[in-house]
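# below is the sequence, then the predicted model.
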There are 2 protein chains.
Amino acid sequence: MGSTQLETVPEPKYWHLKTVLSEALDSEFAVGEILPNERDLAARFGVARATLRQALEQLELEGRLQRRRGVGTTVAPPRMGVAVGTEQHAWPGAAGDAWQSADCAQAAPPAAVAAILETDRNEVVHTVRRSRMSHGQPVAAELLYIPASSVPGLTAIDAPSGPARARAVLRELQHLELEGQERAVELGSARADDAKELDRLPGAPVLVVTTRFVAAGRVAALSVATYRADTCRLTFGDSGSVEIHHGPERQAS
Amino acid sequence: MGSTQLETVPEPKYWHLKTVLSEALDSEFAVGEILPNERDLAARFGVARATLRQALEQLELEGRLQRRRGVGTTVAPPRMGVAVGTEQHAWPGAAGDAWQSADCAQAAPPAAVAAILETDRNEVVHTVRRSRMSHGQPVAAELLYIPASSVPGLTAIDAPSGPARARAVLRELQHLELEGQERAVELGSARADDAKELDRLPGAPVLVVTTRFVAAGRVAALSVATYRADTCRLTFGDSGSVEIHHGPERQAS
DNA sequence: GAGTGGTCTAGACCACGGT
DNA sequence: CCGTGGTCTAGACCACTCG
């Protein structure tokens, strides 16, 4: 039989579905518009709900959709550019940074953190929690680890705990001369506490930005910031002004 | 009825499962070791296979596991640091960069790309495909868009097409003075062609690094690089030497 | 209470990799 | 060929939001 099936690769249904939906989003829906519910959509396309959900999950991962339990599925606006790597190095908490200090504690850091800080075990490490807003939405939650040796001028009198304490720690940090900072970005999933702060479910995809602040030849502070991967595009360099988007975008009425 | 249920939040099964598996990976498995198959694991934990898969998917997303159809599920090594933002700016294709040119064409770029390049419609844009290896594995696939006006010295004689043509285009690019580059990182899912190159299935999570190369006050080139999100940690700054990992790591025998 | 997305089940078949 | 992970189904119930 001389019939050679050339490249008959049966495309998975959910993949094809994703393509169809993606094109529909470009041409027939406005940002903020509510899609039909999952059961209706599944019926309309003649697939099981789980299959439809697989397509929706991908589109949400790509920032095209936003789903909220009890509410519905809406068309997401283009991702917002969030500046992460301002060229001029600066300590966290420097004037005009985008973060808001939330709390401060002196918990023992995780082992992986201690290894990077190269602290003796038992050395006190200040742990500052901060959050970052952009366009009225929470976009990131951060844990800052600062060995006590990096803030020698800190007095117990400054503030016992809470946001005031956090600001005091960061204020002390500015006295050190920052020699450099090294960043890394990787994919992660939101821990329960971060998820709550980011208004997402636990396990939601996040971009984890790890920054080591170097001063006096050692790591003087470590920041682990988790950004919502669905709504954020992390920008490095001069600006985050130019937008890349997927196609025609309209505004919901 | 004075019983106030305080914070009785029933944790989803797959989430608890993920935690259990994660701890088991830290303490009982070596890197490269093969886990029992999904049907056995599901039976062992008393859940449906779909539920177990939900947990495995999360762990794979976090770079803890690697799954391959027809083979099995293995314990992944810690993510490799991949340098992306070397501080000294340089054109793509400069001496010693990590990329290997694969091909070159003159296809019309997607609308979103044309918008960023601010090219007239119909202006010729060279499209170079490159790939990047690290530690013997493919880690990234890139599409480079270079308007013909950025490489005026390029002659048709240099090479008609293919890798040689790609190198010729990049060689011409070095003649321009690079004024700056702006990068953005966001989460995406692999297109079919990228997935093939990265040895993953279509839809696999990737980190999309978009770089605009600025020269003579305009965008002279645009790079869209997709990195495997499961195996890569993108590093910016001086080095990617320090490793963050999740716990005890051992080597498979 | 009605409607939404989130979780979970117990099956089935398919595509792929190695033997 | 067999065993693996990948896809798909047709249900069920739960958690949440909102009117």
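Arrived safely, thanks for sending. Nothing here was measured: the structure is a model prediction, and the numbers come from that model.
# interface residues of the stretch 51-200 of chain A facing chain B?
By C-beta under 8 Å from any C-beta of the partner chain, the residues of the stretch 51-200 of chain A that approach chain B are A:58, A:61-63, A:79, A:81, A:85, A:111-112, A:116, A:180-189. (C-beta placed from N, C-alpha, C; glycine too.)
# out of those, which are inside helices?
Secondary structure from DSSP state H places A:58, A:61, A:111-112, A:116 of those in helices.
# how about those residues in TSV, adding pLDDT?
Shown next, in TSV, are these (pLDDT from 0 to 100):
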residue	pLDDT
A:Gln58	96
A:Leu61	94
A:Ala111	84
A:Ala112	85
A:Ile116	88
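# now, of the residues you listed, which are buried?
Burial by neighbour count, judged by 16 or more other C-beta atoms under 10 Å in any protein chain shown, picks out A:58, A:61, A:116 from those.
# and those residues as JSON lines, adding distance to B:Val128?
Listed next are those as JSON lines, based on distance: C-beta to C-beta, whole Å:
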{"residue": "A:Gln58", "distance to B:Val128": "28"}
{"residue": "A:Leu61", "distance to B:Val128": "27"}
{"residue": "A:Ile116", "distance to B:Val128": "37"}
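# could you name the helices and strands sitting against the helix or strand encompassing A:Val206?
Assigned by DSSP states H and E, A:Val206 falls within strand A:205-215. Helices and strands touching strand A:205-215, by 3 or more C-beta pairs under 8 Å, 6 or more residues apart in numbering or on different chains; DSSP states H and E, are strand A:180-189, strand A:218-228, strand A:232-236, strand B:180-189.
# out of these, flag the one nearest DNA strand D.
Checking those against DNA strand D by C-beta to the nearest atom of the strand gives strand B:180-189 as the closest, at 11.2 Å.
# briefly note if the closest one comes near chain A.
Yes. With C-beta under 8 Å from any C-beta as the measure, strand B:180-189 is seen reaching chain A through B:180-189.
# same question for stretch A:22-37, mean pLDDT?
Averaged across stretch A:22-37, pLDDT comes to 95.
# could you export it as PDB, CA atoms only?
Extracted in PDB, the C-alpha atoms of stretch A:22-37 (Å, rounded to 0.1, in the frame of the first residue of the first chain):
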ATOM      1  CA  SER A  22      -7.200  32.200  21.800                       C
ATOM      2  CA  GLU A  23      -8.300  33.500  18.400                       C
ATOM      3  CA  ALA A  24     -11.800  34.100  19.700                       C
ATOM      4  CA  LEU A  25     -10.300  36.200  22.500                       C
ATOM      5  CA  ASP A  26      -8.400  38.300  20.000                       C
ATOM      6  CA  SER A  27     -11.400  38.900  17.800                       C
ATOM      7  CA  GLU A  28     -14.600  38.600  19.700                       C
ATOM      8  CA  PHE A  29     -13.900  39.600  23.300                       C
ATOM      9  CA  ALA A  30     -13.000  42.700  25.100                       C
ATOM     10  CA  VAL A  31     -10.700  43.000  28.100                       C
ATOM     11  CA  GLY A  32     -12.700  42.400  31.300                       C
ATOM     12  CA  GLU A  33     -15.500  40.600  29.500                       C
ATOM     13  CA  ILE A  34     -16.900  37.500  31.200                       C
ATOM     14  CA  LEU A  35     -16.800  34.200  29.300                       C
ATOM     15  CA  PRO A  36     -19.600  31.600  29.400                       C
ATOM     16  CA  ASN A  37     -19.100  29.200  32.300                       C
END
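# per-residue pLDDT, the closest residue to DNA strand C within the stretch 51-200 of chain A?
When you check the stretch 51-200 of chain A against DNA strand C by C-beta to the nearest atom of the strand, the closest residue turns out to be A:Gly70, at 3.3 Å. Among the per-residue scores, A:Gly70 shows a pLDDT of 95.
# what does A:Asp97 give?
A:Asp97 is assigned 81 on the pLDDT scale.
# surely it touches A:Val84?
No. Using C-beta atoms under 8 Å as the test, A:Asp97 is too far from A:Val84 to be in contact (11.3 Å).
# and these two? Which one has more around it.
Shown here are A:Asp97 and A:Val84; by other C-beta atoms under 10 Å in any protein chain shown, A:Val84 has more neighbours (25 against 14).
# for that one, give its distance to B:Thr226.
From A:Val84 across to B:Thr226, the span is 19 Å (C-beta to C-beta, to the nearest Å).
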